[in-house]
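Enquirer: Got a predicted structure plus its sequence, pasted below:
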Protein chains: 2
Amino acid sequence: MKKMEGGVCAPAGFRANGVHCGIRKNKTKRDLSLIVSDVPCAAACVYTQNLVKGAPILVTKEHVANGTARAVVCNSGNANTCNADGVEIAEKMCALVEKYAGVPAGDVVVASTGVIGQPLPIEPIEEGMPALVGGLLADADGSLYAAQGIMTTDTVDKQIAYSFALGGKECHIGAIGKGVGMINPNMATMLIFVTTDAAISPAMLQKALSADVKDSFNMISVDGDTSTNDMVCVLANGLAGNELVDGPGKDYNDFRKALHKVTTALCRRIARDGEGATKLLECRVTGAKSKAAARTVAKSVIKSSLFKAAMFGSDANWGRVLCAVGYAGAPVDITKVSVDFRSRAGEVAVCRDGSGIPFSEEEAKKVLSEDEIEVLIRLGDGSGRATAWGCDLTYDYVKINGDYRT
Amino acid sequence: MKKMEGGVCAPAGFRANGVHCGIRKNKTKRDLSLIVSDVPCAAACVYTQNLVKGAPILVTKEHVANGTARAVVCNSGNANTCNADGVEIAEKMCALVEKYAGVPAGDVVVASTGVIGQPLPIEPIEEGMPALVGGLLADADGSLYAAQGIMTTDTVDKQIAYSFALGGKECHIGAIGKGVGMINPNMATMLIFVTTDAAISPAMLQKALSADVKDSFNMISVDGDTSTNDMVCVLANGLAGNELVDGPGKDYNDFRKALHKVTTALCRRIARDGEGATKLLECRVTGAKSKAAARTVAKSVIKSSLFKAAMFGSDANWGRVLCAVGYAGAPVDITKVSVDFRSRAGEVAVCRDGSGIPFSEEEAKKVLSEDEIEVLIRLGDGSGRATAWGCDLTYDYVKINGDYRT
């Protein structure tokens, strides 16, 4: 697999764009994005499990029920959630894509991110659509503009693309993303749009995505709040010309690997750009009784406010790691647990067999002062393993969320 | 029921004290406390559910297995947890109480709170014990010193006492407490010691305590981290002379009410004094399908970092409340949910039937600028109700926890 430029436009036959249409007050910020495939695509989506679901999610579910789609339209600045006319507005957004881009409304994936409970006006979207469609680009700029158009509290745009071989053909997979899955119900809804020119059936594409998110996006946490509008969508248009992947086997596994490469790269970028974050935290759990137990433990540690605050302070407070392992709710023999901290600056062992061991505080401080920290937890009780991603808890997190609406 | 002074010394036959023995470096801070009853007591305890349990909890469990106890000894500054010699040290603490206060070691409840994973030296405790026992007082000062001796990041001591009638006799119930149940595995372990001169059997006392915590201490959250050393202990010495409560009925119910008055008063104080907190948050859920559903929803809202940060900023961001209701995991019909904010300054309705309603931002700001905020959630789907307590998420929380050990 080879990393490449181009984001969602790296695969053949995809064009993208993003414009400022007026939903956001700041005129320098793009707030409406569009991705269009030249031909119909297999489509797979996963959505938030929050009982409160954004109206766009209800509309998208209907549109991809047949396993196909051709375009993604998404606005930032307003979540179109908890509004009486939400579904109607989301459908109008799709109808506008049909009118100006010629993609049937029923083949459009629609998403929104921003404040909950404020009506989303259709007028700016209607006014912005001609320029959005007219400016669609098949190159890296198109992907960049689309990535910018879905940003909210994100400080950097998030794109990734890889080329990979599938049944002897060169395929491509790219993605744009924003926000952090569980960070913020208003602003930082996680949206991920993946494009690929690989040929894969809708059923296998959905299977691949549903399996993948368990070890990718579901393993990120910034603050434990599950958004109302989270969505991950993959469009596969088949233009690479590989033999259709329509069942399990080597080709399916190769596609899974490519997809996972893209999703985990985005997980790391999303966690690192968590609201107020100064550090990316990666928690690797090994030796668990089961895969599920490993996930539970990794997620518990990465979600702990105390652990996150300690990492902000570069404090090797391993007791907080052990504590989060203990209350995770997974079967763990605490007397077998080891903990190490690792970063570019080195590695420091802090706990063996559930008890503290002597270590150099100075050395630990050096390791934890880096901006990418790994906490390695060995449970010594099986072969289950999992990785979770998060970020430190900082003054800026409180600042950003203490007075976001005003 | 009548509120009174005296904390754990309000009930007849209890003496208490707290001294500085040298576990904590700051000589102005008491770090060792003792509560002693003149006669044997019925004893009931509940403990943390964290798999990592402090050594004192293991020892206390053995000591109260027979349903009786006579004294409580507790140090701050060190949790005596994850230490190879932890149980041995905890047992030595009880033996010292036997040696100097004449209470059999097997009748001593022992607790510790402070840093995890650092050996607890017995020497300062041994040196401090004679003064601790010699200074035992049966008055409000004794309770105050004991309350101070168990404080860690607490900014105020926490005591409460009430008189109440039981079977025609005047009884008393008092308590001291520290920390916040789920705030901090190292420092702010929640410890609650309740004394009463009511006569009640060990079995009924345990029943009353186990039932009570579901609606009191288990409904507090500051940051969702469950400590390794949490403990609530009730000692009942029977000196009030009421007829022994040894089964269900009016007397048992009256005792439950008195206990609940004390525990909920402490819940509010503990939540208000949460690390870095500027506001007490109280979430009242009504109209849930069941009691359990009400508890789940109330706890989910009070734990949400985003809601807590919004309250810090006096921001009526009700979408975050609805979001936390939606991901709580309880059966809720979102289209029936109402949300109001209330405080001394007034009440403001923000959400009806799951959608936003117009409200004055100015009025809302006024309501939310108070230091005690109620969020009222009506689910309109049954008669289950529950209250949860928490506090806002502030810069100081990050500061306190970002670099606690150094």
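Expert: Now that the structure is in, tell me what you want to look at. Quantities reported herein were computed from a predicted structural model and do not represent experimental measurements.
Enquirer: Give the residue spans of the stretch 1-150 of chain A that score low on pLDDT.
Expert: For the stretch 1-150 of chain A, no stretch has pLDDT under 70.
Enquirer: 80 - rerun?
Expert: A:49 (pLDDT under 80).
Enquirer: Now do the strands in it.
Expert: For the stretch 1-150 of chain A, the strands defined by DSSP state E, counting those that start in this stretch occupy A:2-3, A:14-19, A:32-47, A:68-78, A:108-115.
Enquirer: okay, these in JSON lines with distance to A:Asp141 and mean neighbour count next?
Expert: The C-beta positions use only the backbone N, C-alpha and C, and glycine is treated the same way. Conversion of the strands of the stretch 1-150 of chain A to JSON lines gives the following (distance: least, Cβ to Cβ, whole Å; neighbours: other Cβ atoms under 10 Å in any protein chain shown):
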{"stretch": "strand A:2-3", "distance to A:Asp141": "19", "mean neighbour count": "11"}
{"stretch": "strand A:14-19", "distance to A:Asp141": "9", "mean neighbour count": "27"}
{"stretch": "strand A:32-47", "distance to A:Asp141": "13", "mean neighbour count": "23"}
{"stretch": "strand A:68-78", "distance to A:Asp141": "17", "mean neighbour count": "25"}
{"stretch": "strand A:108-115", "distance to A:Asp141": "21", "mean neighbour count": "27"}
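Enquirer: Restricting to C-alpha, output the longest helix seen in chain A in CSV.
Expert: Secondary structure of chain A read by DSSP state H shows that its longest helix is helix A:250-272. Coordinates of each C-alpha in helix A:250-272 appear next as CSV, following Å, rounded to 0.1, in the frame of the first residue of the first chain:
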residue,chain,number,x,y,z
LYS,A,250,-8.2,-12.8,-0.3
ASP,A,251,-9.6,-9.8,-2.3
TYR,A,252,-12.1,-9.0,0.5
ASN,A,253,-9.3,-9.2,3.1
ASP,A,254,-7.1,-7.0,1.0
PHE,A,255,-9.9,-4.4,0.8
ARG,A,256,-10.4,-4.7,4.6
LYS,A,257,-6.8,-3.9,5.1
ALA,A,258,-6.9,-0.9,2.8
LEU,A,259,-10.0,0.4,4.5
HIS,A,260,-8.5,-0.1,7.9
LYS,A,261,-5.3,1.8,6.9
VAL,A,262,-7.5,4.8,5.9
THR,A,263,-9.8,4.6,9.0
THR,A,264,-7.0,4.2,11.6
ALA,A,265,-5.0,7.1,10.0
LEU,A,266,-8.1,9.3,10.4
CYS,A,267,-8.7,8.0,14.0
ARG,A,268,-5.2,9.3,14.9
ARG,A,269,-5.8,12.6,13.3
ILE,A,270,-9.2,13.1,14.8
ALA,A,271,-8.0,12.2,18.3
ARG,A,272,-4.9,14.4,18.0
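Enquirer: Buried residues of it, list them for me.
Expert: A:251-252, A:254-256, A:258-272 (16 or more other Cβ atoms under 10 Å in any protein chain shown).
Enquirer: So for it, mean pLDDT?
Expert: Regarding helix A:250-272, the rounded mean pLDDT is 92.
Enquirer: Helices of the stretch 101-250 of chain A, start to end?
Expert: A:123-134, A:140-149, A:202-215, A:250-272 (DSSP state H, counting those that start in this stretch).
Enquirer: now the angle between strand A:32-47 and the longest one, please.
Expert: Think helix A:250-272. 110 degrees (axes from the mean of the first three to the mean of the last three Cα atoms, to 10 degrees).
Enquirer: Is chain B within reach of helix A:250-272?
Expert: No: shown here: helix A:250-272 not in contact with chain B (Cβ under 8 Å from any Cβ of the partner chain), separated by at least 15.3 Å.
Enquirer: Cheers, nothing more for now.
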